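S.K.: Need a 3D model of the following:
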Amino acid sequence: MNIGLAIFLIVLAFFGGILAGMYLVRKQLEKEFADNPRLNVDAVRMMLSASGQKPSEAKVQQVYHQIKKQQKAALQKGKK
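M.R.: Got it, this is the predicted structure:
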């Protein structure tokens with residue numbers, strides 16, 4: 001009986017560790033993507049210049065910050 005209980009506790013601790021690890025990794029990735037979005041200033045500049053005009057640095061920064069703000073808002077909305 002004691003061996004069965006010990007095995008049960010070991011299996012329970014194993015699955016608990018897996019679940020806790022998955023939760024922590026998910027939180028860390030969300031934080032990482034919020035701080036460092038995949039889209040950077042150079043990509044925004046290239047996207048705007050693909051429309052046929054040379055964008056100003058102010059316009060590039062404005063679009064970049066707008067995209068970053070939208071990503072943070074989407075993450076906040078997803079947490080609720």
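
S.K.: need the helices for this protein, in chain order.
M.R.: Using DSSP state H, the helices of the chain run over 2-35, 41-49, 57-79.

S.K.: Worst mean pLDDT among those helices?
M.R.: Across the helices of the chain, helix 57-79 has the smallest mean pLDDT, namely a mean of 84.

S.K.: just to revisit the earlier point, mind putting the helices of the chain in a markdown table, mean neighbour count included?
M.R.: All C-beta spots, glycine's among them, are computed from the backbone N, C-alpha and C. Formatted as a markdown table, the helices of the chain follow (neighbours: other C-beta atoms under 10 Å):
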| stretch | mean neighbour count |
| --- | --- |
| helix 2-35 | 10 |
| helix 41-49 | 14 |
| helix 57-79 | 12 |
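
S.K.: Quick check on residue 52: phi, psi?
M.R.: With angles defined as degrees, to the nearest 10, residue 52 sits at phi 100, psi 0.

S.K.: what does residue 37 give?
M.R.: Here residue 37 shows phi and psi, under degrees, to the nearest 10, equal to phi -70, psi 160.

S.K.: can you tell me how far it sits from residue 31?
M.R.: Noted for residue 37: a distance of 12 Å to residue 31, by C-beta to C-beta, to the nearest Å.

S.K.: And for residue 72?
M.R.: According to C-beta to C-beta, residue 72 stands 11 Å off from residue 31.

S.K.: same question, residue 4
M.R.: Note on residue 4: its distance to residue 31, by C-beta to C-beta, is 41 Å.

S.K.: repeat for residue 6
M.R.: From residue 6 to residue 31 the distance is 37 Å (C-beta to C-beta).

S.K.: before we move on, what about residue 13?
M.R.: On the measure of C-beta to C-beta, residue 13 and residue 31 end up 27 Å apart.

S.K.: got it, and residue 77?
M.R.: 16 Å.

S.K.: likewise residue 70?
M.R.: According to C-beta to C-beta, residue 70 stands 17 Å off from residue 31.

S.K.: again, but for residue 55
M.R.: Plainly put, residue 55 is 30 Å away from residue 31 if you go by C-beta to C-beta.
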